[in-house]
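Visitor: Provided below are the primary sequence and the corresponding predicted coordinates.
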Amino acid sequence: VSNSEPVVSSVAISPNTNVYNDTVLTCTATATDDDETVTPTYEWLVNGTTHSGSTLDLSTTTAMPNDVITCTASVSDSNGGSDSSSTTITVDNRDPSVSGVSISPTTVYTNSLVSCSGTIADDDGETPTHTVNWTVNGNSIGAGGSLQLDNTMVGVGDVLTCTLSITDGYGGSDSDTSTVTIDNTAPVVDSITLGPSSPKKHDTLSCEAVASDVDGDSVTLAFGWTNQTSGVTYTSTNTTTNSAELDLTTVTVLSDDIVECMVTATDSHGDSASDSATIQIVNSAPTFTSAAAITPSTGVYTNTVLSC
């Protein structure tokens, strides 16, 4: 009586979709033999390494996306007959993910050094590459994790956007964004020149100021005068865009009084800053309203009575 060879058929791997490198696979097959009952055995091949058993946890292997996993079902009967059959499945890629993208600092000015960061993850265990792009109102102004701003790149009220994009080695990608609105910076009064250096009550004080604004905004200067000794405030007798004068003959002021010039710089967004300078009024020496004279000036004798 001749032996009937066993036969393996219907080899299948499950699941057969959404297979990732941490999926647990199961291999099944149908084994028949006309002479006896036979049971198949299973062997997996992953990147040149074999694994035995009907199930395989891919997280215990070196499997990565696009790898081909092979399951071979084999059967042998008691008379030495055998058969085998194989099937394959390809590991799928999962897109990486990026979340929690943020810009720091949270308050940003036109001259801020800003940085962009986020949380990157890849369930396949890959290390995605990433890029950072900065845009203002939809226009690109730079790339990289950090960016030094200036007022040629951004203006007050502009919306600054950071986009963090990632790509894995198998074409999967993701991106996320964060935005911040550029805040205004108050102007600065850089210098005040108040003179003359030793003013008297009949002099005219001159107060000249220089101001700047890092945002590049136009700055308007306003001048105010206060007698710090008496508490009286004065109004400028003459002003220009960057200076003011106070004619001391038009106000009540005494020697040794301290007079303050207050300068307030205001930008086009309404923010302002102030600074001041002071000067002390010095005493004026007395003067003659007419030249000294002796009368009579001629015909003077030893008994003449003189008048000065």
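Guide: That came in fine, so what should we check first?
Visitor: and stretch 131-138, average pLDDT?
Guide: Across stretch 131-138, pLDDT averages out at 96.
Visitor: contacting residues around that stretch?
Guide: With CB atoms under 8 Å, 6 or more residues apart in numbering as the test, stretch 131-138 has contacts from 114, 116, 140-145, 147, 153-154, 158-166. Bear in mind the C-beta positions are built from the backbone N, C-alpha and C, glycine included.
Visitor: Could you do stretch 279-293 as well?
Guide: Residues outside stretch 279-293 that contact it (CB under 8 Å, 6+ apart): 194-195, 197-202, 205, 248, 253-259, 261, 308.
Visitor: Just the buried subset of the residues you listed, written out for PyMOL, thanks.
Guide: To isolate the buried members of those in PyMOL, using 16 or more other CB atoms under 10 Å:
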select buried, resi 194+199+201+205+248+253+257+259+261
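Visitor: Quick check: residue 308 vs residue 289, distance?
Guide: Separation of residue 308 from residue 289 (CB to CB, to the nearest Å): 15 Å.
Visitor: swap in residue 251?
Guide: For residue 251 relative to residue 289 (CB to CB), the value is 24 Å.
Visitor: Neighbour count for the two, which is higher?
Guide: Ranked by neighbour count (other CB atoms under 10 Å), residue 251 and residue 289 place residue 251 first, with 17 against 4.
Visitor: Apart from its chain neighbours, what residue comes closest to the more buried one?
Guide: Spatial nearest neighbour of residue 251, excluding adjacent residues (CB to CB, 6 or more residues apart in numbering): residue 234 at 5.1 Å.
Visitor: tell me the contacts of the nearest residue to residue 90 once chain neighbours are set aside?
Guide: The shortest distance from residue 90 to any non-neighbouring residue, by CB to CB, 6+ apart, is to residue 68 (5.5 Å). Contact analysis of residue 68 by CB under 8 Å, 6+ apart lists 88, 89, 90, 91.
Visitor: try residue 106
Guide: residue 180.
Visitor: in what helix or strand does it lie?
Guide: Using DSSP states H and E, residue 106 is not contained in any helix or strand.
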